[in-house]
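Student: Okay, predicted coordinates and the sequence, questions at the end:
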Amino acid sequence: MKENINKIIDLSNEASTKFLSGENFYVQQFLGAHKEKEGYIFRVWAPNAQKVSLVGDFNDWQGHLMEKDELSGIWEIHCKDAKEKDLYKFKVQQADGREVYKIDPFAVRFEKRPGVAAELYEFPAKKWKDGLWIGRNKRSNKFKRPMNIYEVHASSWKEHENGEPYSFADLKEELIPYLVKMNYTHIEFMPLMEHPLGRSWGYQLIGYFALSSSYGTPEEFQDFVEACHLNNIGVLVDWVPGHYCINDDTLPYYDGTPQFEYTDPDRAKNNRWGSINFDLGKPQVQSFLISSAMFWIEMFHIDGIRVDAVSSMIYRDYDEGPWTPNHEGGNRNFEGFYFLQKLNAVIKLAHPNVLMIAEESSSETPVTGLIENGALGFDFKWNMGWMNDILRFYEMDPVLRKDHFTLLTFSFMYMMRENFILPLSHDEVVHGKKSLMHKMWGDRYKQFAQLRNLYTYLITHPGKKLLFMGSEWGQFLEWKFDEELEWDDLNDPLNHSMQKFTSELNHFYKEQTALWELEDSAETVEIIDADNTSESVLTFMRKGKRKKDFLIIILNMTPVERQKFTIGVPYPGTYKEVWNTEMEEFGGTWTRHNDRCQSESIQFKNYEQSIQTTVPALGAIILKPESINTRKK
């Protein structure tokens, strides 16, 4: 008996020591609430609190004084009366004597809004059935596989008639079949962790280990992920390690002193988002955040994490307001930079196949690539530059596009600098920016034509793909976080055809190896003509491993049909049109594809062979070699 007690004490000491040194990546197994033979044991880190009491349903919220370990600053109590589903908080007498009721930072479950009390909750053991999916991921190269992501805000995809958001049990029944129908390879959720304000979209968190109770139970999310994997769909989740909710009863100044946040008030306060910044150089904070990431990966089998707002973590001057240069006199936030390297190193060591994705808007810091080479170590980075340039171009009157054609083509100059995801995300369809459909120039017909053109460019441009929900059928209204999507739009023939177009385009992407097989290499693209500004037509090739595996993409950015349009081709032979955005089934007017093209020995730029075809107004076509002679050029 004495040996067992000593062993428990040793494990407890090891857990707290590693937590204090920033090396405990499973700290939620020590801090928080944990079931004992009788009742629960509670632990909370509050080093500068004068005293901490446990309050909850089990003691009529009157409070039991906790004991403090002076070395670690961790308070502890064993409560025999606590039972599963009881609600609780910690009453913290802070350093200045003020008493504040605080959440449990390590809670795995919270009561429903507007309350923020933690709930005692035990995860039942799950026997996962997604071994085939996980095994296949281990054997595949993520950089040479298709990745087409459907971005979703879980509580506004669909609602029940009474306005209640779908739980993950509901989403399992409806969203997964929809993903299959639409031929997406992955789904990405905006943050699912507990947050008190829906208006924050989940980006101001309080519960870093808790699925929001608005979305159902953790088991329902586990079942959802498993069902996605059984349908060959990967699951990604947004995560926010840079800043957190400012509410006084949550994490900020937990013990009355800078605990999770920076000591410097200018660095602690996030003016841009009205939140508080984590002190990413503090070892305990590193343990807390990395443990959170590991928890979501291992408890829910998610396939990747998209780290939000990386720029705010690596640049001291990113925020609005005063800032202090670092010790070298520059704007680098070394704490954030090294934390992100550590995060990626730890995750990759434990889970090499989990995708680490950065939302990062600058080009000053290498984000993807090896940490040893000075990069942050992410697998992929959102290409915000491509997104901004492209949307600006497509919003423009076509008369002006010839003078701004580099907005369309500049990304080819830096496409290999990072491993990119091309995002048309939620951020582009809110706050008066208009929906993607509404951004397009012209009347309703021309808007749909250009949306089809834009999505074709998205799919054929090097980089993985991301599209926000509702955009797949051209929803006209901006996204509203507190209302479901405008599903009634699909009663309109043009919206219905647009949805079919997106589904077929996604399928085309998965089937065409030339669109992803060599994507980590510059040879995946060959520009045929990026200088035709007078007609505003862009032509380029995407290539696979085999010599005959290539596609020719032609994008017409004006409302003028280009007849007998000349295109250089690499080999003599015949070329077949395999994609045309103006087909009648997609909402266009064409009833049949262009005829096959036979090449002629007519020079076009660097090409000895050329073909002629018709390119629809505001349309895009894709050609594929049918019978060519690769020995001749």
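Tutor: Thanks, I have it. None of these values were measured; they are calculated from a predicted model.

Student: use CA for all of it now, contacts and neighbours both
Tutor: OK.

Student: can you pull the pLDDT of residue 7?
Tutor: The model reports residue 7 with a pLDDT of 46.

Student: For residue 113, what is the enclosing helix or strand?
Tutor: Counting by DSSP states H and E, there is no helix or strand that carries residue 113.

Student: Tell me the predicted confidence for it.
Tutor: Taking residue 113 on its own, its pLDDT is 90.

Student: which residues touch it?
Tutor: Contact analysis of residue 113 by C-alpha atoms under 8 Å, 6 or more residues apart in numbering lists 196, 214.

Student: Could you list the low-confidence segments of this protein?
Tutor: 1-11, 632-633 (pLDDT under 70).

Student: where along it do the helices fall?
Tutor: Assigned by DSSP state H, the chain shows helices spanning 2-21, 131-139, 168-182, 218-230, 265-268, 283-300, 310-314, 334-350, 384-395, 398-401, 406-409, 436-439, 444-460, 493-511.

Student: so which of these gets nearest residue 472?
Tutor: Taking C-alpha to C-alpha, helix 493-511 is the member of those nearest to residue 472, at 5.6 Å.

Student: I would like the residues contacting that closest one, please.
Tutor: Contacts to helix 493-511, defined as C-alpha under 8 Å, 6+ apart, come from residues 146, 148, 181-184, 448, 452, 455-456, 459-460, 472-475, 489-490, 515, 585-587.

Student: I'd like the helices of the chain as CSV, with mean neighbour count and distance to residue 112 appended.
Tutor: Shown next, in CSV, are the helices of the chain (neighbours: other C-alpha atoms under 10 Å; distance: least, C-alpha to C-alpha, whole Å):
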stretch, mean neighbour count, distance to residue 112
helix 2-21, 14, 30
helix 131-139, 13, 33
helix 168-182, 18, 15
helix 218-230, 20, 14
helix 265-268, 17, 28
helix 283-300, 21, 20
helix 310-314, 23, 30
helix 334-350, 18, 31
helix 384-395, 19, 35
helix 398-401, 16, 50
helix 406-409, 18, 46
helix 436-439, 23, 34
helix 444-460, 22, 39
helix 493-511, 19, 35
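
Student: Can you lay out these as JSON lines showing distance to residue 85?
Tutor: As requested, the helices of the chain are arranged in JSON lines below (distance: least, C-alpha to C-alpha, whole Å):
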{"stretch": "helix 2-21", "distance to residue 85": "25"}
{"stretch": "helix 131-139", "distance to residue 85": "32"}
{"stretch": "helix 168-182", "distance to residue 85": "20"}
{"stretch": "helix 218-230", "distance to residue 85": "14"}
{"stretch": "helix 265-268", "distance to residue 85": "34"}
{"stretch": "helix 283-300", "distance to residue 85": "20"}
{"stretch": "helix 310-314", "distance to residue 85": "36"}
{"stretch": "helix 334-350", "distance to residue 85": "32"}
{"stretch": "helix 384-395", "distance to residue 85": "44"}
{"stretch": "helix 398-401", "distance to residue 85": "61"}
{"stretch": "helix 406-409", "distance to residue 85": "55"}
{"stretch": "helix 436-439", "distance to residue 85": "44"}
{"stretch": "helix 444-460", "distance to residue 85": "47"}
{"stretch": "helix 493-511", "distance to residue 85": "43"}
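
Student: nearest to residue 117, of these?
Tutor: Going by C-alpha to C-alpha, the one of the helices of the chain nearest residue 117 is helix 218-230, 16.9 Å.

Student: End to end on stretch 136-151, go ahead and measure it.
Tutor: End-to-end distance of stretch 136-151 (C-alpha to C-alpha, to the nearest Å): 23 Å.

Student: So which bits of it are buried?
Tutor: For stretch 136-151, the buried set under the neighbour-count rule, 16 or more other C-alpha atoms under 10 Å, comprises 143, 145-151.

Student: how far out from the middle of the chain is it?
Tutor: For stretch 136-151, the distance from its own C-alpha centre to the chain's C-alpha centre is 14 Å (C-alpha atoms, centre = their mean, to the nearest Å).

Student: And for stretch 349-367?
Tutor: That offset, for stretch 349-367, works out to 11 Å (C-alpha atoms, centre = their mean).

Student: hmm, who's touching that stretch?
Tutor: Contacts for stretch 349-367 (C-alpha under 8 Å, 6+ apart): 137-138, 297, 302-311, 344, 347-348, 374-385, 418.

Student: Just give me the residue right at the centre of this protein.
Tutor: Taking C-alpha atoms, centre = their mean as the criterion, residue 306 is the residue nearest the geometric centre of the chain, at 4.1 Å.

Student: can you pull the contacts of that residue?
Tutor: Applying C-alpha under 8 Å, 6+ apart, the residues contacting residue 306 are 236-239, 356-359.

Student: What's the ChimeraX syntax to select whichever of those are buried?
Tutor: To isolate the buried members of these in ChimeraX, using 16+ other C-alpha under 10 Å:
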select :236,237,238,239,356,357,358,359
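
Student: could you dump the contacts of residue 306 to a markdown table with distance to residue 214?
Tutor: Below are the contacts of residue 306 laid out as a markdown table (distance: C-alpha to C-alpha, whole Å):
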| residue | distance to residue 214 |
| --- | --- |
| 236 | 19 |
| 237 | 16 |
| 238 | 17 |
| 239 | 17 |
| 356 | 26 |
| 357 | 26 |
| 358 | 26 |
| 359 | 25 |
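
Student: which one of the contacts of residue 306 is nearest residue 226?
Tutor: Nearest to residue 226 among the contacts of residue 306, with distances taken as C-alpha to C-alpha, is residue 236, at 12.8 Å.
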